[in-house]
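**Q** Quick one, structure for this:
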Amino acid sequence: MKSIVHRSAIKADMKRTLRMGLPLIGAQLLQMGNGLVDAIIAGRLGGSELAAGGIGASLWFVTSLLCIGLMAGLSPTLSRLIGQSRRAFVGQIFRQGLWLAIATGVLAMTLVLLIHFNVHRIGLAEELPPLIRQYLMGALWSLPFFALVMAARNVCEATGLTRPVLLVTALGLLVNVAASSVLGFGLLGMPALGLFGIGLATSLVNLIMVLVLFSLLRGQRFARFHLLASIERPDWSVIVPMLTFSIPIFLGLLFEAGLFVATAVLMGRIGVVESAAHQIAIGASAFCYMLPLGMSFALTSRIGRAMGRGSIPAVRLRIFSGAILTALMAVLTALLLVVFRFSIAGIYTNDPVLVEFAAALLIFGAIFQLSDGAQVMLIGVLRGLHDTRVPMLINAFSYWVVAFGFGWWSGQKFGYGAYGLWIGLIIGLTTASILLAWRLRWKLQSMDKAVLANSARV
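**A** Model (predicted):
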């Protein structure tokens, strides 16, 4: 009887996690669609525009990690307050988070401007820097709005009301298709602005998303949290602890993004075919990665709430059910990458040599799913437990010492080329998963000891 109840509890908890996580997964996939739309329109403008737009978008993304990372501390913080039934403080913390979002967005804009003025120093082909500057000048205005979008998204995750995130992201994709086409090509009587127009469309999309999200936050479903009840001055006694919690999240994201950028650069030094095949394989893997990533956001919120209630059994149940869901997703995406590897490569190119090489790398991408899904799930769980510093250090070691070090030696020194770099990624992510699992085990044991100590005092 006990095992039946246990199985039914796990099944019910998996359903609750899915109910919250599926809209977030959908939003992540739609967000990737914005990049695809921009690439298609830039490609229609010309080959140089396609290359410059891709580089510009990558530079914008790396800068936007500042907004993503510094806002990521809101979800676990607000989740714990909700779990503690301290709803009166949810709006206060959120409004202080908005001040942090504005400051973060302005800082990110400043960084993009610095990149804009120094992009010619990167050593690119002569025609690319002017085009990259066009894109960045249009896109840099999006960053304050993007930071506010991330703040609003985090409060949606914390409250468990995640459907608005999906709906608003879908709206953003539709707006991006229209705005990028009109501004980029000069349709409907508008001047053809090229890459500047595509970048400007990114700013328009994020502005509209902010307006819609904040109108939803003022609605009845969020009324009990009093999110926008008043306007207070910045309170550094609230903002500084928020930064202490979220800066390690940002650095962890930066370490991860930096690893993949560095791997792409090393792949470019090996050869053109290897570099192109890598872009195909990593693009398909990134698409699959959206599944466990969205699930990790849901787990952060759900575990934060359970911690707020002080319910260790609920924390363990949510970790276990989340691990099952993540494993099932990883197995599913791995099978799809293996079975359809030639078809996936064929979407990108008709070159048989490139298709063959990309299909081979997609086998590594399938293995990649298991460790990548595990590490992002564990990061989400630890974030829900308010543990961010040690995971940041684990990621730094796993990505830059293990993954990059092994990939560089095996790819460059031992002659394994592209395969060696991918083996390095797999070993690095596997190392991260093992170390993060040990960290989680230690955290759970510490929590159990604390409960026993409290019981003994009583």
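
**Q** Where does the residue nearest to the spatial centre of the chain sit: helix, strand or coil?
**A** In the chain, the residue lying closest to the centroid (C-alpha atoms, centre = their mean) is L293, at 6.7 Å. Using DSSP: H, G, I helix; E, B strand; the rest coil, the structure places L293 in helix.

**Q** who's in contact with it?
**A** Shown in contact with L293 (C-beta atoms under 8 Å, 6 or more residues apart in numbering): I25, Q28, V376. Bear in mind the C-beta positions are built from the backbone N, C-alpha and C, glycine included.

**Q** number of nearby residues for the first one?
**A** Looking back up the chat, that one is I25. Per other C-beta atoms under 10 Å, the neighbour tally for I25 reads 21.

**Q** on that earlier part again, can you lay out the contacts of L293 as TSV showing distance to L452 and pLDDT?
**A** Formatted as TSV, these follow (distance: C-beta to C-beta, whole Å; pLDDT from 0 to 100):
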residue	distance to L452	pLDDT
I25	38	91
Q28	40	89
V376	31	93
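
**Q** when you check those residues against the strands, which ones overlap?
**A** Judged by DSSP state E, the contacts of L293 include no members of strands.

**Q** from those, which is closest to L59?
**A** Q28 (20.9 Å; C-beta to C-beta).

**Q** how close does that closest one sit to F287?
**A** 9 Å (C-beta to C-beta, to the nearest Å).

**Q** same question, M447
**A** When M447 is compared with F287 (using C-beta to C-beta), they lie 36 Å apart.

**Q** Would you mind identifying the next helix or strand past the host helix or strand of L173?
**A** Here L173 sits within helix 163-185, counting by DSSP states H and E. Once the chain leaves helix 163-185, the next helix or strand it forms, by DSSP H and E, is helix 194-217.

**Q** helices or strands next to that next one in the packing?
**A** Contacts defined by 3 or more C-beta pairs under 8 Å, 6 or more residues apart in numbering; DSSP states H and E place helix 194-217 against helix 2-45, helix 47-71, helix 128-139, helix 142-159, helix 163-185.

**Q** most neighbours per residue, which of those?
**A** Ranked by mean neighbour count, the helices and strands packed on helix 194-217 are led by helix 142-159 with a mean of 26 (mean count of other C-beta atoms under 10 Å).

**Q** Now do that helix: which elements does it pack against?
**A** Using 3+ C-beta pairs under 8 Å, 6+ apart: helix 142-159 touches helix 2-45, helix 47-71, helix 74-83, helix 87-118, helix 163-185, helix 194-217, helix 272-309.

**Q** relative to helix 163-185, how tilted is it?
**A** With axes from the mean of the first three to the mean of the last three C-alpha atoms, to 10 degrees defining the directions, helix 142-159 sits at 160 degrees from helix 163-185.

**Q** Using CSV, write down the CA coordinates of helix 142-159.
**A** The C-alpha coordinates for helix 142-159 follow below in CSV (Å, rounded to 0.1, in the frame of the first residue of the first chain):
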residue,chain,number,x,y,z
SER,A,142,16.1,46.5,-26.3
LEU,A,143,18.3,45.7,-23.2
PRO,A,144,16.5,47.7,-20.5
PHE,A,145,13.1,46.3,-21.8
PHE,A,146,14.6,42.8,-21.9
ALA,A,147,15.8,43.1,-18.3
LEU,A,148,12.2,44.2,-17.3
VAL,A,149,10.8,41.2,-19.3
MET,A,150,13.1,38.9,-17.3
ALA,A,151,11.9,40.5,-14.0
ALA,A,152,8.3,39.9,-15.0
ARG,A,153,9.0,36.4,-16.2
ASN,A,154,10.7,35.5,-12.9
VAL,A,155,7.6,36.7,-10.9
CYS,A,156,5.4,34.5,-13.2
GLU,A,157,7.6,31.5,-12.4
ALA,A,158,7.6,32.2,-8.7
THR,A,159,3.8,32.5,-8.5
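
**Q** Output the below-cut-off pLDDT ranges for the stretch 251-400 of the chain.
**A** Applying pLDDT under 70 to the stretch 251-400 of the chain flags residues 272.

**Q** Give me the pLDDT value at the nearest residue to I102 once chain neighbours are set aside.
**A** Leaving aside its chain neighbours, I102 sits nearest to P144 (6.1 Å; criterion: C-beta to C-beta, 6 or more residues apart in numbering). pLDDT recorded at P144 is 95.

**Q** burial count for the closest residue to L385 other than its chain neighbours?
**A** Excluding the flanking residues, the one nearest L385 by C-beta to C-beta, 6+ apart is K443, at 5.6 Å. Neighbour count of K443, defined by other C-beta under 10 Å: 17.

**Q** So for A306, which of the helices and strands packed on helix 194-217 sits nearest?
**A** Using C-beta to C-beta, these put helix 2-45 closest to A306, at 10.4 Å.

**Q** Now do that closest one: which elements does it pack against?
**A** Using 3+ C-beta pairs under 8 Å, 6+ apart, the elements in contact with helix 2-45 are helix 47-71, helix 142-159, helix 163-185, helix 194-217, helix 272-309, helix 312-339.

**Q** Flag every buried residue along the fifth one.
**A** Just to be clear, that refers to helix 272-309. For helix 272-309, burial by neighbour count (16 or more other C-beta atoms under 10 Å) applies to 274-308.

**Q** now swap in stretch 315-326 and tell me
**A** Of the residues in stretch 315-326, those buried by neighbour count under the rule 16+ other C-beta under 10 Å are V315, L317, R318, I319, S321, G322, A323, L325, T326.

**Q** The third one touches D13, doesn't it?
**A** Right, the one you point to is R318. Yes. The criterion here is C-beta atoms under 8 Å, and R318 meets it with D13 at 6.1 Å.

**Q** just to revisit the earlier point, nearest to S85, of the contacts of L293?
**A** Taking C-beta to C-beta as the measure, S85 lies nearest I25 of those, at 29.0 Å.

**Q** hmm, back to that, figure out which of the helices and strands packed on helix 142-159 is closest to D351.
**A** helix 272-309 (8.3 Å).

**Q** what residues does stretch 152-163 touch?
**A** 20-21, 23-24, 27, 71-72, 74-79, 82, 90, 94, 97, 164-165, 210, 213-214, 217, 221-222, 225, 227, 297-298, 300-302, 304-305.

**Q** Mean confidence (pLDDT) on that stretch, please.
**A** On average, the pLDDT along stretch 152-163 is 90.

**Q** can you redo the contacts of L293 as CSV with distance to D387?
**A** CSV is the format used below for those (distance: C-beta to C-beta, whole Å):
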residue, distance to D387
I25, 24
Q28, 23
V376, 15
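
**Q** Contact partners for A27?
**A** A27 sits in contact with R153, T162, V165, L166, T169, G294, where contact means C-beta under 8 Å, 6+ apart.

**Q** domain ranges for this protein?
**A** Domains of the chain are assigned by automatic domain parsing as 23-234, 248-452.

**Q** closest one to V240 among the ones you listed?
**A** Here domain 23-234 is closest among those (C-beta to C-beta), at 9.9 Å.
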